[in-house]
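Student: predicted model, plus sequence, below.
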Amino acid sequence: MRWALVKVCLAVTAMVVVAFAVPLGLVIKEMARDRAFSDAERQAATIGPTLSITTDRDELETAVLTTEPGSVGRMAVHIPAAAGPGSRPVEIGTRRATRKDLETVRKSGRASITEVPGGSALLQPTALGSGDIAVVEVFVPEGEESNGVATAWLMLAGVGAALIVGSVAVADRLGVRMVEPAQRLAGAAHDLGEGRLGTRVPEEGPTELRSAAVAFNSMADQVVQLLANERELAADLSHRLRTPLTVLRLNAASLGEGPAAEQTRAAVEQLEHEVDTIIRTAREQRPQTQGMNNGPGAGCDASEVIRERMAFWSALAEDEGRKVRLAGVDRAVRIPVARPELVAVLDALLGNVFRHTPEGTAFAVDVHHSGDAVIVLVSDAGGGIADPKAALARGGSGRGGARGSVGSTGLGLDIVRRVAESTGGDVRIGRSVLGGTEIRIWIWLDGRRPEQGRRGHRVGRQRRRIRFAGRS
């Protein structure tokens, strides 16, 4: 579209330049010719007074030589023979016009321009004192007729070229101004269709495209908000169901033996299985939301969310006699993760602690800010995870050894991994200073992983500092 606009503008400008330059050049050529013959007519008129006084050859030759064209041999005077015997015509200067042309001008009494070798000749009739008509001939070379025409044509060509180049440049800028917003809008629509919900379009360009960009951004914001509401609702339902189920399972374990106790435990187990199926189905059918964290209004205060969720889980921890330690949440830490996403991550990790460690097992949550990344550490004093790699695989957290048990969907750590990777970070599983499992979540604040060479050295220093802080 951009080049089509440039081509159209080039063609139109070229047509306009040709339409005006060619006639103007012809007019300039005609003006130069008229100027040359006007000068010749003026020079011919200077000899008129002398002819009206005398027809003496010597005096006329002197008068002719005093004129500009006469001094260079371009003026001639033709006087007819006087009436009477022995009279002869007088010819002064070099004749270039034919005698027929001279006779025609003498009889008509009107000036005439005739073509002669090397140029043109102005034939100017002049009355003599005797009443006869003499003809003054002024030769105008071809160069005089086109004097200054070439320069004028060059100037017209330069102006025309400048107009064409300028119009092409203006058309190119206009094309860029029109095409680039349209291309950005098309690219954003494609990205949004592929699930990158953080895509937005700069609201710039022509009025129509700016209005389209505003409408697109508004639509994308609504989509993000709808998905956030959906995820928040799913997380809320998960909290409402999982927590009572965890309490029911713990209470059912203390019922002892007997048919009623077994039936209760079986019912709780079946209910947990059904809830896990619902959660798994919802996760598998959830649309891809990569890029959502970059949308306007996305992100949250990690410290605030962690304090809120720890307050929620601390009540159950107190009932089970678990010691809880929370550190690093005394100041705001803004991360590019939507609040529902972080809530789901924390609930998945803390829920795993309660599910897969015995009552009374201590756990801790630490938050570290390293400048370009936020690290969240969830540690416990349990038995650890035998196969961390399998635990991080989708559907594999239920097969992770000490942490694996009936009722696990295998999606908890996968949820954590996906959220971390959406910011360019990752998840690591290791041994905690409490003796059990430590799950370390790296969340990069700028949404991309640093260069590998720099990152290895920098991240190594950051991890050593975090490990030291954890032991303290």
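Tutor: Happy to help now that I have it.
Student: now stretch 307-314: mean pLDDT?
Tutor: On average, the pLDDT along stretch 307-314 is 90.
Student: ditto for stretch 251-259
Tutor: For stretch 251-259, the mean per-residue pLDDT is 75.
Student: how about stretch 133-153?
Tutor: On average, the pLDDT along stretch 133-153 is 80.
Student: measure how far it is from the centre of its chain, please.
Tutor: On the basis of Cα atoms, centre = their mean, to the nearest Å, stretch 133-153 sits 59 Å off its chain's mean C-alpha point.
Student: for that stretch, buried residues please.
Tutor: By 16 or more other Cβ atoms under 10 Å, the buried positions in stretch 133-153 come out as 133-140, 144-146, 149, 152-153. From N, CA and C alone the C-beta is placed, and that goes for glycine too.
Student: format these as TSV; extra columns: secondary structure and distance to Thr62.
Tutor: Output for the buried residues of stretch 133-153, formatted as TSV (DSSP: H, G, I helix; E, B strand; the rest coil; distance: Cβ to Cβ, whole Å):
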residue	secondary structure	distance to Thr62
Ile133	strand	22
Ala134	strand	16
Val135	strand	19
Val136	strand	15
Glu137	strand	18
Val138	strand	18
Phe139	strand	20
Val140	strand	23
Glu144	helix	25
Glu145	helix	29
Ser146	coil	33
Val149	helix	35
Ala152	helix	39
Trp153	helix	41
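Student: got a markdown table for those residues, with distance to Arg33 too?
Tutor: Output for these, formatted as a markdown table (distance: Cβ to Cβ, whole Å):
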| residue | distance to Arg33 |
| --- | --- |
| Ile133 | 26 |
| Ala134 | 26 |
| Val135 | 21 |
| Val136 | 20 |
| Glu137 | 18 |
| Val138 | 14 |
| Phe139 | 14 |
| Val140 | 9 |
| Glu144 | 9 |
| Glu145 | 5 |
| Ser146 | 8 |
| Val149 | 9 |
| Ala152 | 13 |
| Trp153 | 14 |
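Student: tell me the SS of the closest residue to Cys9 other than its chain neighbours?
Tutor: Nearest residue to Cys9, sequence neighbours excluded (Cβ to Cβ, 6 or more residues apart in numbering): Ala171, at 3.5 Å. Assigned by DSSP: H, G, I helix; E, B strand; the rest coil, the conformation of Ala171 is helix.
Student: just checking, Ala171 touches Leu10?
Tutor: Yes: counting by Cβ atoms under 8 Å, Ala171 does reach Leu10; the two are 7.4 Å apart.
Student: more crowded one of those two?
Tutor: Set Ala171 next to Leu10 and count neighbours by other Cβ atoms under 10 Å: Ala171 wins out with 21 against 15.
Student: what's the spacing between stretch 73-83 and its chain's center?
Tutor: 81 Å.
Student: now do the buried residues in it.
Tutor: Applying 16+ other Cβ under 10 Å to stretch 73-83 flags 74-80 as buried.
Student: quick one: which of those residues is nearest to Arg325?
Tutor: Closest approach to Arg325 among those (Cβ to Cβ): Arg74, at 115.5 Å.
Student: nearest spatial neighbour of that closest one, skipping sequence neighbours?
Tutor: Residue nearest to Arg74 in three dimensions, not counting chain neighbours: Phe139, with 4.1 Å by Cβ to Cβ, 6+ apart.
Student: residues in contact with that neighbour?
Tutor: Taking Cβ atoms under 8 Å, 6 or more residues apart in numbering, we find Phe139 in contact with 69, 74-76, 94, 96, 116, 118-121.
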